[in-house]
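J.: Output the structure for:
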Amino acid sequence: MSILIIIILFTGGGLGKDVIDVPSKNGILDKQGKSHIDVLKVPHHGIDRNVTMKFFNRASADHYVISANRRNHNASLCYIRMDY
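T.: I've put the predicted structure just below:
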């Protein structure tokens, strides 16, 4: 029998800054202040006022989920089009 562990972070209503600050205070981030998870629900519909490149550089994931309806400028296309 094998066990597959998947780490998923649902950010709820937290701003990008909150999603980084809380794990930092609780020692969850690595020594460089970064975290890599399997699935990340991008905070606040991926709006660029609430998540920044600093957020994506510190909280990376294999897969990103963005809940958006393209109204009210969500999600910000600059993040959807990122290349790594």
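J.: how about the strands in this structure?
T.: Residue ranges of the strands in the chain, as given by DSSP state E, are 8-10, 35-41, 59-65.
J.: burial of the closest residue to S60 other than its chain neighbours, as a residue count?
T.: Of all residues not flanking S60 in the chain, H36 sits nearest, at 4.9 Å (Cβ to Cβ, 6 or more residues apart in numbering). For every residue, glycine as well, the C-beta is placed using N, CA and C. Neighbour count for H36, taken as other Cβ atoms under 10 Å: 12.
J.: Quick check: H36 touching N57?
T.: No. Contact criterion Cβ atoms under 8 Å: H36 and N57 do not qualify, at 11.1 Å.
J.: was I right about V51 contacting K41?
T.: No. V51 lies out of contact with K41 (Cβ under 8 Å); the separation is 11.3 Å.
J.: When these two are compared, which one has more neighbours?
T.: Remark: of V51 and K41, V51 carries more neighbours, 25 against 17, as counted by other Cβ under 10 Å.
J.: For that one, which non-adjacent residue is spatially closest?
T.: Distances taken as Cβ to Cβ, 6+ apart put G16 closest to V51, at 3.7 Å, once the chain neighbours are dropped.
J.: Who are the contact partners of that neighbour?
T.: By Cβ atoms under 8 Å, 6 or more residues apart in numbering, G16 lies in contact with 43-44, 50-52, 54-55, 59.
J.: okay, who's weakest in the residues you listed by pLDDT?
T.: In terms of pLDDT, the lowest of those is H44, showing 72.
J.: quick one: that residue and G33, what's the gap?
T.: 21 Å (Cβ to Cβ, to the nearest Å).
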